[in-house]
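1. need a structure here:
(one chain, ligands or ions: 2)
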Amino acid sequence: MSSTAKQRSAWRDVPSEQWNDLRWQLSNLVRTTDELGALLGLPERELSAIRAQSQRFRWAISPYYFSLIDPSDPSDPICRMVVPSADEDTSEGEDDPLGEKRDQVAPGLTHRYPDRVLFVVTSFCSSYCRFCIRKRNWRHSDAARSRAEIDEAIAYLRAHEEVRDVLISGGDPLTLPHEQLEYILSQVRSVPHVELVRIGSREPVMLPMRFDDALLRLLDRHGPLWINTHFNHPRELTEEAARATEKLARLGIPLGNQTVLLAGVNDDLPTLKALFQGLLRIRVRPYYLYQADPVVGAMHLRTSVERGIELIEGLRGHTTGLAVPTFVVDAPGGGGKIPVGPEYVVERRDGAIVLRNYAGETFVYKDPTMTAKSPRKRALPLIPTAAERDGE
Ligand SMILES: *Cc1c(COP(=O)(O)O)cnc(C)c1O
Ligand code: SF4
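-> Ligands and ions are numbered 1, 2, ... in the order given. Next up, the predicted model:
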């Protein structure tokens, strides 16, 4: 049997019951530069740079996630995502690259698209990513939103009947105490026109032991839910992570994944292919691949947009379509997500369109012209929404 990451790590002597215990993980977070020095054998020069970084942006790493780092690899991809480094130049990049503050309509609530909102309910995560687009929030506190703030956001939802989809995010909403999560989910659910509740969480990656029976029961009580998780590298696809996604899938929660394209972490085809195929094996459907935004101190982790397009081209047609996410660029200043991808239309002619397939062969496709008569469409009967049912 192959050894697990833990068995090869500094925590190899910690008994499994402790290792798999959420409280043990949370009370043993790696969060001092001295520990980092001892665990990774970093030179003093690097450590003093990290000490200086810590003043600006906090860091903390769960022992579980830390155990995925290979300390002998100076360019380890897991390390690059969570360990501060001398490469971080805080004179470049933005605090709020997506302009979320500007579109905020209530505490934590960003209403940018016509029918859905983003609800940021905490700034806490059990490990912090250097490239996080919301690292501006870390400075304030660990604290989750107060009852009064949540109530204000819920009042906005009640008053805006066009909102049919609420995306609960953070920080990581699944790090919240159950009582608080229960309150938020039940309040959001109580708004009659909200049809869809989604949770964005990196806990299946950072701390899969979070998914104990109590949390699963809580999530089940407030279903139907959709969960989007955030795997960035195939090495994150551990047995523990697979057990967590398996439990969620068995509750009937559809699982999607959002990956951030990161230089030196996952910006090559074999890594991305292994990640997306591996996600399908643990019942998670790759949803978005994000261009890394110009976040302060994380500019060295960005790739070109062209690179992302090339990578998608290397996947589409070459592997299972379900393993190919949509590549998106978040427009600066709150323009929202814009899908970008390879162009398969080679030429537009009168009555025909020239296409190329994944292997580069071209085809002339006879295209029915817009003037052709098509029968009038009849409206299809729809499953009534919760609001319509209640109104009957
Ligand atoms: C990403 C995002 C959403 C959800 O977008 P989908 O494309 O529906 O997944 C909603 N609101 C904001 C502000 C977002 O950034
Ligand atoms: S888990 Fe998500 S919210 Fe938390 S630090 Fe990482 S990217 Fe940011």
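
2. residues from this structure in reach of ligand 1?
-> Applying C-beta under 6 Å from any ligand atom, one finds that the chain approaches ligand 1 through 110, 112, 113, 116, 118, 167, 337. For every residue, glycine as well, the C-beta is placed using N, CA and C.

3. Using TSV, lay out the residues you listed together with pLDDT, secondary structure and distance to ligand 2.
-> Below are the residues of the chain next to ligand 1 laid out as TSV (pLDDT from 0 to 100; DSSP: H, G, I helix; E, B strand; the rest coil; distance: C-beta to the nearest ligand atom, whole Å):
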residue	pLDDT	secondary structure	distance to ligand 2
110	95	strand	14
112	94	strand	18
113	96	strand	20
116	97	strand	19
118	97	strand	12
167	98	strand	13
337	97	strand	16
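
4. Mind checking which of those are buried?
-> The neighbour-count criterion (16 or more other C-beta atoms under 10 Å) marks 110, 112, 116, 118, 167, 337 among those as buried.

5. how about stretch 261-277, does it reach ligand 2?
-> No - if you take C-beta under 6 Å from any ligand atom as the test, stretch 261-277 misses ligand 2, and the best it gets is 11.0 Å.

6. quick one, helices of the stretch 51-200 of the chain?
-> 63-66, 77-82, 147-159, 178-189 (DSSP state H, counting those that start in this stretch).

7. so which of the ones you listed gets nearest ligand 2?
-> Nearest of the helices of the stretch 51-200 of the chain to ligand 2, taken as C-beta to the nearest ligand atom: helix 77-82 at 8.2 Å.

8. Just list what that closest one packs against, helices and strands only.
-> Under the contact definition 3 or more C-beta pairs under 8 Å, 6 or more residues apart in numbering; DSSP states H and E, helix 77-82 sits against helix 63-66.

9. contacting residues for residue 22?
-> 207, 209, 210, 212 (C-beta atoms under 8 Å, 6 or more residues apart in numbering).

10. and those as a markdown table, adding pLDDT and neighbour count?
-> Formatted as a markdown table, these follow (pLDDT from 0 to 100; neighbours: other C-beta atoms under 10 Å):
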| residue | pLDDT | neighbour count |
| --- | --- | --- |
| 207 | 97 | 27 |
| 209 | 96 | 20 |
| 210 | 97 | 19 |
| 212 | 96 | 14 |
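
11. and of those, the nearest to ligand 2?
-> Distance to ligand 2, by C-beta to the nearest ligand atom, is smallest for residue 207 among the contacts of residue 22, at 10.1 Å.

12. Quick check: nearest residue in space to that closest one, chain neighbours excluded?
-> Closest residue in space to residue 207, ignoring its immediate chain neighbours: residue 126 at 4.4 Å, by C-beta to C-beta, 6 or more residues apart in numbering.

13. okay, the nearest residue to residue 188 once chain neighbours are set aside: pLDDT?
-> In space, and not counting its chain neighbours, residue 188 is closest to residue 166: 5.2 Å by C-beta to C-beta, 6+ apart. Confidence at residue 166, expressed as pLDDT, is 98.

14. isn't residue 166 right up against residue 194?
-> Yes - the pair residue 166 / residue 194 is scored as a contact, 5.5 Å apart, by C-beta atoms under 8 Å.

15. Please identify which of these two sits among more neighbours.
-> Higher neighbour count among residue 166 and residue 194: residue 166, with 25 against 22, using other C-beta atoms under 10 Å.

16. The more buried one: what's it in contact with?
-> 116, 117, 119, 157, 188, 194, 196, 197, 198.

17. For beta bridges, what are the partners of it?
-> residue 117, residue 197 (DSSP bridges).

18. And it, how close does it get to residue 241?
-> 26 Å (C-beta to C-beta, to the nearest Å).

19. Show me the domain layout of this protein.
-> What automatic domain parsing lists as the domains of the chain is 4-82, 104-336, 343-392.

20. closest one to residue 92 among these?
-> With C-beta to C-beta as the criterion, residue 92 lies closest to domain 104-336 of the domains of the chain, at 4.8 Å.

21. can you give me the end-to-end distance of the closest one?
-> 14 Å (C-alpha to C-alpha, to the nearest Å).

22. for the contacts of residue 22, which one is nearest residue 301?
-> After measuring the contacts of residue 22 against residue 301 - C-beta to C-beta - the closest member comes out as residue 207, at 22.2 Å.

23. contacting residues around the residue of the stretch 151-300 of the chain found nearest ligand 2?
-> Closest to ligand 2 within the stretch 151-300 of the chain is residue 202: 3.6 Å, counting by C-beta to the nearest ligand atom. Residues near residue 202 by C-beta under 8 Å, 6+ apart: 125, 127, 129, 172, 229, 230.

24. go on, residue 18?
-> Shown in contact with residue 18 (C-beta under 8 Å, 6+ apart): residue 24.

25. Then the one 3 residues further on?
-> Shown here is residue 21, whose contacts under the criterion C-beta under 8 Å, 6+ apart are residue 209.

26. In space, not sequence, find me the middle residue of the protein.
-> A centroid search over the chain (C-alpha atoms, centre = their mean) returns residue 230, at 3.5 Å, as the residue closest to the centre.

27. end-to-end on stretch 319-338?
-> Start-to-end span of stretch 319-338 (C-alpha to C-alpha) is 24 Å.

28. now swap in stretch 134-152 and tell me
-> Start-to-end span of stretch 134-152 (C-alpha to C-alpha) is 21 Å.

29. No further queries at this time; thank you.
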